[in-house]
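Participant: Just the structure for this:
(chains A and B)
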Amino acid sequence: MTPVVEFRNLSVRFGDTEAVSDVSFAVEPGEIVAIVGESGSGKSVSALTTLGLLPSTAKVSGAVSHAGVPITSMTPAQLRDLRGNGIAMVFQEPMTALNPLLTIGTQVAEGLRLHRGISRAEAAREALRLLELVGIPEPERRVHQYPHELSGGQRQRVVIAMAVSCDPEVIVADEPTTALDVTVQAEILALLRRLRDELGTAIVLITHSMGVVAELADRVIVMYRGEVVEDGDVFELFEHPRHAYTRSLLDAVPRFTKDVRPGPAAGEGPAALQLDGVVVDFGRFRAVEGVTLEVAPGEILGLVGESGSGKTTIGRVAVGLVRPSAGSVRLFGTELNGLRGAALRTTRARAAMVFQDPASSLDPRMTVGDTIAEPMVLQKVGDRLLRQRRAAELVDAVALPSDALSRYPHELSGGQRQRVSIARALALDPGLLIADEPTSALDVSVQATVLELLRSLQRELGFSCLFISHDLAVVDALADRVAVMHRGAVVESGERTAVFTEPRDDYTRALLAAVPVPDPRAQRKR
Amino acid sequence: MTAPARSSADERLLAFRRNKLALVGAALLVLLVAFCFLGPLVYVTDQVHTVLEAARLLPGEQGHPLGTDDLGYDVLGRLMAAGQTSLVIGLAAGALATVIGTAWGAVAGFYGGWLDAVMMRVVDAGIAIPGLFLLVVAATLVTPSVPVLILVIGLVSWLVPARLMRAESLALRSRAYVEAMRLAGGTGLGAIRRHIVPNAIGTVIVNATFQVADAILLVTYVSFLGLGIPPPAANWGGMLSGGLAYSYDGYWWLIFPPGLLIVLTVCAFTFIGDGLRDAFDVRFRERA
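Facilitator: Numbering: from 1, shown residues only, chains lettered A, B, ... in the order given. Have a look, this model is predicted:
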């Protein structure tokens, strides 16, 4: 049997950097091959080669062939025919993969008419059938809708419908579920599997998530710094990883543990944060609906929820960045509502925040040293020398080299930037740290080290922490107590082990069931 | 703390130098400044007293390389003196417009809400009135002098930078580092000063070069209409309009030299602006 896609000694260079070096593997018909790796491992570049989508600056050697025909030497006309008919692509972000000005029916039909040359009416009928195939409810109504009227998961289904429309032999899916919530992710993965079973389409799945790999793949290719370090059957690879990098990748994946950790040292004084019946409206949209929760002194509260659940808004309400329309917010016993000017500034300085996006959390024009010292400058703490000394201590505490002080953010990696962000947050010795998805933009191995850092700092300094995340395993690794948010309300809260092992609420159960576990055998049983 | 802080300044310089047109612009500007400010030290002429018996001499006659105008002023020397006025007004007015516009736009964009609405309606209203019209009105009310022209041109041309800066400010105010700073007890004006304006500096500087070019043109227009700085002071626009009266007599040396210098100066600043845009773009090209 000829492989549908075959890489033979493929190398891709951009200027002096070798993005992909000497990669060889083949994808058999109907096979799901996952390419796993962290950012910069060359996994996306390899995938783009199969569609001839590399920028002109790339220097390619070796060959990628589709059904025995080398793609790397195809003419533009041959490439157009290949894309869609032979190999189709599903991108990470469904919103940008669809044209916001065209109805989804038109967009699905467009590919059909281009590649199959069928009439408008036939294409419309075929589009309807495809939308039904990918599980869009009420396709007759949906074909007339625009992308913004669909949810993220439905949009990704439309993109998948477009990908399978011309019956390709291979679908290349580049992080197809990374932008989606975990419950939606589970549905999309199930859809991809079903399409493979029904249509016999091979799938090349590019992902950074070992959980997704375990759920879907037949075979796994692990890439590291442009090279394939391991290639093997999914069960074999998860149970007996041969390469050291694969092992470290698997070890870094946060897993649910049933172990009982020592609880927080009981702190004294008022709760670090107390929300009582908080309601937040953005115009006519109610983002938070009567939330009551408390972060005790010295405790880490994990706030879990999917996108749009209002969890980020809660974090912002806690420090007065968003004002609630009703309810009370107390920071160390002081009511934030009604505070203005200098009084608000001094009160909220007792809390600090670590943000999600390492790219925007640091001022690109300030050195790391200045960034960390900024809160002390604002609060007029000490003199210049003392602040410099403190900044040096903090850089050391977050395990960055001391020469990082004079560096600029663009010289740091994502994980290093988050460390700087944590150091800045700790500069004023806050009683409460609010961490809003601090690791979700990081690679899994980096995520593990940042989480470890947060945990050890918290143990050492004893601050309270509101840890906001969509990732249940991450919250499980860190939190003492957990609160689950759904559609603006807290549906369940309690001790970590209680919530995660004996969830009482239906939504919590659905959330837990949808988490991809990095264990192919457990995953297939579901 | 020993490792050298490799700022992006070097990369920026590199990007600027890659833009050949920008290099041409920079070279032109250096030559023009040298011509206007150093030229008179080498080529001394009397630009105050009229010499009517030496009026309208052809280029080359009686030791006047570019001839003389209708009042007997040496044209080459006059180009230098006039250039000083044009460049000074252009640079100062451009700087004034940039400063006012940046501050106005930064505050409007950062605070948003009704303040933004009011401030930007002021800008809209200002843009609706032609700047040239305001200049002409101002020139009839007060006698134009260099400071007056700087002030008036600065006050009519801050609107565009204000709009640009507002857009930048709107985008930057929700950056996490701005919020982190506010959480640590920073004030709004502090955030504008420490984070918003420094991070918009690329846009501001690029626009400033275009503002200078525009200001030089505005001085030219006004002077051409005869509402510029009164004689014996000179500027290129005034020379152009003086020369135009004799265009049918074939006195080309009264028209082409100032016209050419105006074109060159405006081009120089525009090219530099283009180059700076490239230079600052490098910083926004996020590293993966």
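Participant: Which residues are in contact with B:Asp249?
Facilitator: Counting by C-beta atoms under 8 Å, 6 or more residues apart in numbering or on different chains, B:Asp249 touches no other residue. In this view, the C-beta of every residue, glycine as well, is placed from N, C-alpha and C.
Participant: same thing with B:Leu134?
Facilitator: Taking C-beta under 8 Å, 6+ apart as the definition of contact, the neighbours of B:Leu134 are B:Val152, B:Leu155, B:Val156.
Participant: is any part of stretch A:5-21 close to chain B?
Facilitator: No. With C-beta under 8 Å from any C-beta of the partner chain as the measure, stretch A:5-21 is seen stopping short of chain B, the closest distance being 10.5 Å.
Participant: buried sites along that stretch?
Facilitator: Residues of stretch A:5-21 classed as buried: A:Val5, A:Glu6, A:Phe7, A:Leu10, A:Ser11, A:Val12, A:Arg13, A:Glu18, A:Ala19, A:Val20, A:Ser21 (neighbour count, 16 or more other C-beta atoms under 10 Å in any protein chain shown).
Participant: And stretch A:173-187, by the same measure?
Facilitator: Of the residues in stretch A:173-187, those buried by neighbour count under the rule 16+ other C-beta under 10 Å are A:173-177, A:179-182, A:184-187.
Participant: you'd agree B:Ala234 is in a helix?
Facilitator: No. If the criterion is DSSP: H, G, I helix; E, B strand; the rest coil, then B:Ala234 is coil and not within a helix.
Participant: Do you know the pLDDT at it?
Facilitator: Residue-level confidence at B:Ala234 comes out at 79, pLDDT.
Participant: Can you give me the neighbour number for the nearest residue to it once chain neighbours are set aside?
Facilitator: Taking C-beta to C-beta, 6 or more residues apart in numbering or on different chains as the measure, B:Ala234 lies nearest to B:Ala82, with 3.9 Å between them; neighbours along the chain are not counted. By the measure other C-beta atoms under 10 Å in any protein chain shown, the count of residues near B:Ala82 is 27.
Participant: burial of A:Thr207, as a residue count?
Facilitator: By other C-beta under 10 Å, the residues close to A:Thr207 number 24.
Participant: Run through the bridge partners of it.
Facilitator: Per DSSP bridges, the residues bridged to A:Thr207 are A:Val36.
Participant: Distance check, it against A:Val36.
Facilitator: Taking C-beta to C-beta, to the nearest Å as the criterion, A:Thr207 is separated from A:Val36 by 6 Å.
Participant: A:Gly320 now?
Facilitator: 42 Å.
Participant: Mind checking which of the two has more residues around it?
Facilitator: Between A:Gly320 and A:Val36, counted using other C-beta under 10 Å, A:Val36 has the larger neighbour count: 25 against 21.
Participant: can you pull the pLDDT of that one?
Facilitator: A:Val36 carries a pLDDT value of 90.
Participant: show me the contacts for it.
Facilitator: A:Lys43, A:Thr207, A:His208, A:Met210, A:Val213, A:Val220, A:Ile221, A:Val222, A:Met223, A:Leu249.
Participant: Which of those fall in helices?
Facilitator: Residues of the contacts of A:Val36 located in helices (DSSP state H): A:Lys43, A:Met210, A:Val213, A:Leu249.
Participant: Scan those residues and report the most crowded one.
Facilitator: For the ones in helices among the contacts of A:Val36, neighbours were counted using other C-beta under 10 Å, and A:Lys43 has the most, 29 neighbours in all.
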